[in-house]
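Engineer: What would the 3D arrangement of this be:
(2 chains)
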2 protein chains.
Amino acid sequence: MLQAYFARGMTDTAVFELFVRKLPPGRNFLVAAGLEQALDFVEGLRFGEEELGWIRDCGLFRPDFAERLAALRFTGDIHAMPEGTVLFPNEPLLRVTAPMPQAQLLETRLLNLVHFQTLVASKAVRCRLAAGGRGLIDFGLRRSHGAEAGLLAARASYLAGFDGSSTALAAPRFGIPVFGTMAHSFVQAHDSEAAAFEAFASVFPDNAVLLVDTYDTVEGVRRAATAGRSFRIKGVRLDSGDLLALSKQARHILDGAGLRDAIIFASGNLDEDRVAELIAAGAPIDSFGVGTSLVTSADQPYLDAVYKLQEYAGRARRKRSAGKATWPGRKQVFRHYAADGRFARDVVTLESDARTGEPLLVPVVQNGRRLASPSLASIRERTLSQLERLPAALRGLQAAAPGYAVEISPALEALAAEVDRATA
Amino acid sequence: MLQAYFARGMTDTAVFELFVRKLPPGRNFLVAAGLEQALDFVEGLRFGEEELGWIRDCGLFRPDFAERLAALRFTGDIHAMPEGTVLFPNEPLLRVTAPMPQAQLLETRLLNLVHFQTLVASKAVRCRLAAGGRGLIDFGLRRSHGAEAGLLAARASYLAGFDGSSTALAAPRFGIPVFGTMAHSFVQAHDSEAAAFEAFASVFPDNAVLLVDTYDTVEGVRRAATAGRSFRIKGVRLDSGDLLALSKQARHILDGAGLRDAIIFASGNLDEDRVAELIAAGAPIDSFGVGTSLVTSADQPYLDAVYKLQEYAGRARRKRSAGKATWPGRKQVFRHYAADGRFARDVVTLESDARTGEPLLVPVVQNGRRLASPSLASIRERTLSQLERLPAALRGLQAAAPGYAVEISPALEALAAEVDRATA
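Structural biologist: Next up is the predicted model:
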């Protein structure tokens, strides 16, 4: 397609917008994430010699195509919602304005980056809403879809309110707190569970969380409490069985041994629903490890996210495919707030349509130059403050009816009708 | 945990096995994949200066830990099922035998690589079984979970019988055929659909697949047929609406225009069930683009894959956690065949247990040295020939009852009982 644009001289300004067509079932909102990595990609966009060599030699392209690509850099503008912003369907979270070949080339990787982190952040905030103030640690790397997914899931979940990750690389790369406990293999490798606990506690004074379910969980807690007499332990971890009953028994045993400060950490097929159930039932669990269901967003492993052409060469554009029609033109989202500071409603309209409310899309790249980005810590604060401002009905884990009000403006509807007449 | 192993001198030989605990609902079997990348990782295992610097300075570890890691290389053995092998729950698909710190360190990334490709290959073969001899192209990169997932999904789906991918990098990296059509943006960017089709067909003579659903699909097919009078087109692509009715109309229009060789390509929220339905209903679709549902394995985005210690320092080991108990010892899987060459039953037993049948685990790394690997083309052939040898009941898209027979040998049951007595 890019070769065709070059060959036909179609290098006028294109405007593409990235948005999610609809909410997954059971969800009330999404959380924007992934912009930082998307902008890293845009800033570093260039074809390397190895790639150009393949493009020259593969026989699929014209001789001059590789030369055009060799010179390609991003020189356009990008507007986006800041990471951590709560958003809704049909609201552009990112808009690219650039010469067509540049803007088109970004599509796949921009979507790949923004879709995935938005997916995970939107799952992670549900865990945060379920967990209240209790600890939440990302445990998902082993079953994430590749290494990049594992690392970016650590970032997306942290910015959405998790307290840290077991993915060690997330610490040097993003400054995310890392947490580790122990594996069953450590217990199994010792001649007895008691020996394993003493070994671990002696190597990690003050910081050992002992995994107690390798053989018999209640016995394991008793052995941990015994180890806690000789060593200062941080707590115990339950990873299987009836977590409600076992956490109560564990608390009782630990308290009885004078280990009131020892925490109870729980893991094992947890998701936001299970966390909410355990807390509602009174489980004395201090911290939850959430793995596979978080990093794969297991109940909804994708969003209906797309990147669509809205304007080319100064003319608004629109597709009308069945079930996939788009709103044309360069758009802005204006958010209105209730008197108590909570979100009241959003209006999606043309950028040129002067409206009140808070504009959610802000400039992040101008003429190919990236503007300053917020720190990950400030993004995390933004997410948590956005959650505070959610209407109460949207804070639950089930879909609220009627859901949040997103208004398509009359100006946008009029433009869509006009574009349809022109391409009828 | 590694620091504790070093600190306590626990560097005896450990045996870990990677296996899937149970089939996802609705599935009859899995297909092993990802070994090649797993072995690339094992072969290249070493800590870089940047990583060691962080480990030295982060305050989490003892001073000598980074030095131990700096010297760490893999020196052990690996046995594995060849990629493309059909496998079942509780069957180890990979076994690592190495000094404990090495074997333990591999866990997360080995699982991360083998889990994901096995997941996608196991989804992709379902599409192949549904599609019969029709074309199947991976279209999923934009919604894959990161870049690595997109690239490895192209590989895993190709080795499981797909014909190619739209992920361009899969061609230079793996020699996978790449396919591209056009996007709606290309049509939208032109003043008319007819102009867009002519532009595309002129740039890609003989090879243009024209996307016909941007405005009105039937009109779009007519315009493609018109373009087909002036240019040789490869076919049309439907991406929305009623694909059964539209494919029949499209075939009728193309045939009427004398374009009997023009293919009909379909995409848009397809998965194996939808492909099977369309074919059963007689849709004249030549080739299917499967995207999001393939690369995220959307109905089942993870497998219950684990990497567990089975032996340490010459003694078999076992965990007994509720619902997660493991079979101890170094194991082999023996496959038995029926007279017609189809799989009849598997036996999981100890490696030392002399049994008949085909042993599925073969050496792939010896003393840290990698043995020769098959080509991707031969892996793909292996998968397709394995599908031919599946019992008929397992070839359907629904779960067969009672499913395939996997026998746990008496020798293995006896060892488990013995280990339980020792760790009681």
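Engineer: Please count neighbours and contacts with C-alpha atoms only from this point.
Structural biologist: Noted.
Engineer: could I have the helix or strand hosting A:R345 exported to PDB, CA atoms only?
Structural biologist: Here A:R345 is covered by strand A:343-350, with elements defined by DSSP states H and E. The C-alpha trace of strand A:343-350 is given here as PDB (Å, rounded to 0.1, in the frame of the first residue of the first chain):
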ATOM      1  CA  PHE A 343     -17.200  12.600  35.300                       C
ATOM      2  CA  ALA A 344     -20.700  13.500  34.000                       C
ATOM      3  CA  ARG A 345     -20.600  13.000  30.200                       C
ATOM      4  CA  ASP A 346     -18.300  13.300  27.200                       C
ATOM      5  CA  VAL A 347     -18.900  14.900  23.900                       C
ATOM      6  CA  VAL A 348     -17.100  13.700  20.800                       C
ATOM      7  CA  THR A 349     -17.000  16.400  18.200                       C
ATOM      8  CA  LEU A 350     -14.800  18.100  15.500                       C
END
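Engineer: what's the distance between that strand and the middle of its chain?
Structural biologist: Offset of strand A:343-350 from its chain centre (C-alpha atoms, centre = their mean, to the nearest Å): 23 Å.
Engineer: Can you give the contact residues for stretch A:381-396?
Structural biologist: Residues outside stretch A:381-396 that contact it (C-alpha atoms under 8 Å, 6 or more residues apart in numbering or on different chains): A:28-29, A:31, A:83-86, A:129, A:159-161, A:341-344, A:400, A:403-404.
Engineer: same question but for stretch A:403-416, I mixed them up
Structural biologist: With C-alpha under 8 Å, 6+ apart as the test, stretch A:403-416 has contacts from A:28, A:88, A:316, A:318, A:327-329, A:344-350, A:353, A:393-394.
Engineer: can you pull the buried residues of it?
Structural biologist: With burial defined by 16 or more other C-alpha atoms under 10 Å in any protein chain shown, the residues of stretch A:403-416 counted as buried are A:Y404, A:V406, A:I408, A:L412, A:L415, A:A416.
Engineer: Once you drop chain neighbours, what's closest to A:P92?
Structural biologist: A:F19 (4.5 Å; C-alpha to C-alpha, 6 or more residues apart in numbering or on different chains).
Engineer: can I assume that neighbour sits in a strand?
Structural biologist: Yes: secondary structure of A:F19 (DSSP: H, G, I helix; E, B strand; the rest coil): part of a strand.
Engineer: In contact with it: list those residues for me.
Structural biologist: By C-alpha under 8 Å, 6+ apart, the contact set of A:F19 is A:P89, A:N90, A:E91, A:P92, A:L93, A:L94, A:A305, A:V306, A:Y307.
Engineer: Kindly state the beta-bridge partners for it.
Structural biologist: Beta-bridge partners for A:F19, by DSSP bridges, are A:V306.
Engineer: before we move on, the earlier item: would you mind checking the contacts of stretch A:381-396 for buried ones?
Structural biologist: Counted by 16+ other C-alpha under 10 Å, the contacts of stretch A:381-396 give A:28-29, A:31, A:83-86, A:129, A:159-161, A:342-344, A:404 as buried.
Engineer: Do stretch A:135-154 and chain B come into contact?
Structural biologist: Yes: Stretch A:135-154 comes into contact with chain B (C-alpha under 8 Å from any C-alpha of the partner chain), by way of A:L141, A:R142, A:R143, A:S144, A:H145, A:G146, A:A147, A:E148, A:A149.
Engineer: hang on, A:L294 packs against A:D271?
Structural biologist: Yes: between A:L294 and A:D271 a contact is recorded at 7.0 Å, counting by C-alpha atoms under 8 Å.
Engineer: Done for today, thanks.
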